[in-house]
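>>> build me a model:
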Amino acid sequence: MPYGGTEVARGLQAGAGLVHRREMQRLVQGINVGMTRCPVCANEEKLALTERYDRFSIYSCPACEVQFAHPLSYSTNLYDELYSSGGLGLTRVRLSTHSSMVAKSHRMIGGPQYLALQWLKQNIPTPSPVLEVGFGGGWFLAALEHQGYIAMGIEVAKEPVELLKQRGFTVAQAPVNGLPPDWAAPRAVILFEVLEHLPDPVGFLRTVHENFPNAPLILSTPSPKRWCLRLGHREHHDYPPYHLIRWTERSLSLALRKAGYADAICEYPRIDPAEFYSTLLGFILARLHLLNMGSPDLALKDSHGQLLVSKAVEKSPGFWLRLHDAGLAVFRVLLTPVAWYFNRRGWSSASMLAIGLPLGWHKDAASA
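Here you go, the predicted structure:
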């Protein structure tokens, strides 16, 4: 199974989380006194205070099984900063053309993206328009084009929009309810690793459904069964302000139904052994204070505030990308038995996939 893009970044953050987890203050479970409300089911009773992290409290809702941060604060500036901090995230895109991205896109998508593409191929005919919300490096847009779909993407961050526009992709910095007027109505909407960042996820899903009422919604969020979590390690990026919501299959299905979708399907991708490499790499870089995760004040930077690892990547991007790809390939071979064992235990890849189907939707209607 391919592995790249979002999965690589998440693996690095996971490794950093193994270093910085001891900084997180674990509390004895307490009971909320009614000042906080679950952002999924609106329950206010018996919310369990499970953790504190920085200025945030993290509650668990017994009614829908979701965990959420309080306060639910969100800023798009955070993601502009992440994209502009350098590193391998967008470096491969900068070194690619539109045609080369499309040609190698099948190697750059991971577990949930792969399953989503398979579902689209089975249920949505080409050349239908498909919208991706929060496209990041744009590799799934490229994969959509490779399969014959009309790929469209929107993002909150400025840098990936400009970068993908320069390479000829149909993208815009726009909200869900503000697509460019010359874009076609999408037959399906894609939402990878977005919902966990939002303070009002049900409201956002409802907006998506109201704007595209006939389009299935395919989304992914961090899996509650992921191998790293089952080993007792929660990644740093799974804490606020990066992730505000921790989803389960039950809470995600409820959120989709409350937003207006008639049915919800959840799937757990199998583990790719390349995930182990990215997690280990993140752990090592964090130990060396080369990542701006968990303890940004300790990260090694130059006199202009740029991370030293980002500076190194900028000087020799081709070398670092080849080295990274070699590491992924080696781990995919050597640790396949470990991944097989974890899969047999029912553990999953980093993310789970969910599909929300509109009322009355069926495959024949989508083909019409």
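>>> mind listing what's buried in stretch 175-185?
Residues 176, 179 are the ones in stretch 175-185 that count as buried (16 or more other Cβ atoms under 10 Å). Every residue, glycine included, has its C-beta placed from N, CA and C.
>>> pull the residues that contact it.
Contacts of stretch 175-185 with the rest of the structure, by Cβ atoms under 8 Å, 6 or more residues apart in numbering, involve 129, 131, 133, 150, 152, 154, 170, 172, 174, 204, 207-208, 210-212, 215.
>>> how near is the residue nearest to Lys225 when sequence neighbours are not counted to Pro112?
Spatial nearest neighbour of Lys225, chain neighbours left out: Ser348 (4.2 Å); criterion: Cβ to Cβ, 6 or more residues apart in numbering. To Pro112, Ser348 is 10 Å away according to Cβ to Cβ, to the nearest Å.
>>> in the stretch 251-368 of the chain, where is pLDDT below threshold?
286-287, 289-313, 363-368 (pLDDT under 70).
>>> where do the strands sit along it?
Along the stretch 251-368 of the chain, the segments classed as strands by DSSP state E, counting those that start in this stretch run 263-267, 351-357.
>>> want to throw those into a markdown table with distance to Phe283 and mean neighbour count?
Shown next, in a markdown table, are those (distance: least, Cβ to Cβ, whole Å; neighbours: other Cβ atoms under 10 Å):
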| stretch | distance to Phe283 | mean neighbour count |
| --- | --- | --- |
| strand 263-267 | 28 | 16 |
| strand 351-357 | 20 | 23 |
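>>> closest to Phe140 out of those strands?
Ranking the strands of the stretch 251-368 of the chain by proximity to Phe140 (Cβ to Cβ) places strand 351-357 first, at 12.5 Å.
>>> closest to Lys158 out of the strands of the stretch 251-368 of the chain?
strand 351-357 (25.3 Å).
>>> report the inter-axis angle for that closest one versus strand 263-267.
Angle of strand 351-357 versus strand 263-267, following axes from the mean of the first three to the mean of the last three Cα atoms, to 10 degrees, is 160 degrees.
>>> most neighbours among the contacts of stretch 175-185, which one is it?
Leu131 (29 neighbours; other Cβ atoms under 10 Å).
>>> contacts only, for it.
Here Leu131 is in contact with 152-154, 179, 186, 188-190, 212, 215 (Cβ under 8 Å, 6+ apart).
>>> out of these, which sit inside strands?
152-154, 188-190 (DSSP state E).
>>> can you list these in a markdown table and add distance to Leu229 and pLDDT?
Listed next are the ones in strands among the contacts of Leu131 as a markdown table, based on distance: Cβ to Cβ, whole Å; pLDDT from 0 to 100:
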| residue | distance to Leu229 | pLDDT |
| --- | --- | --- |
| Met152 | 33 | 98 |
| Gly153 | 29 | 97 |
| Ile154 | 30 | 97 |
| Ala188 | 29 | 97 |
| Val189 | 27 | 98 |
| Ile190 | 24 | 98 |
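>>> next, the nearest residue in space to Ala63 that is not next to it in sequence: secondary structure please.
Nearest non-adjacent residue to Ala63, counting by Cβ to Cβ, 6+ apart: Asn43, 4.2 Å away. Following DSSP: H, G, I helix; E, B strand; the rest coil, the label given to Asn43 is coil.
>>> quick check: Asn43 vs Arg257, distance?
15 Å.
>>> what about Leu285, neighbour count?
Leu285 has 20 nearby residues by other Cβ under 10 Å.
>>> now swap in the one 3 residues further on and tell me
Counted with other Cβ under 10 Å, residues neighbouring Leu288 total 13.
>>> hang on, the earlier thing: who has more neighbours out of Ser348 and Pro112?
Pro112 (29 against 23).
>>> thinking again about what came up before, could the strands of the stretch 251-368 of the chain be laid out in a markdown table, adding distance to Trp340?
Below are these laid out as a markdown table (distance: least, Cβ to Cβ, whole Å):
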| stretch | distance to Trp340 |
| --- | --- |
| strand 263-267 | 19 |
| strand 351-357 | 19 |
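>>> Glu275 is nearest to which of those strands?
strand 351-357 (10.3 Å).
>>> what touches both of Ser348 and Pro112?
Joint contacts of Ser348 and Pro112 (Cβ under 8 Å, 6+ apart) are Pro269.
>>> for Glu196, give me its contacts.
By Cβ under 8 Å, 6+ apart, the neighbours of Glu196 are 221-222, 238, 243-247.
>>> and those, which of them are in strands?
Those of the contacts of Glu196 lying in strands (DSSP E): 221-222, 245-246.
>>> from those, which is closest to Thr279?
Pro222 (13.4 Å).
>>> tally of neighbours for that closest one?
23.
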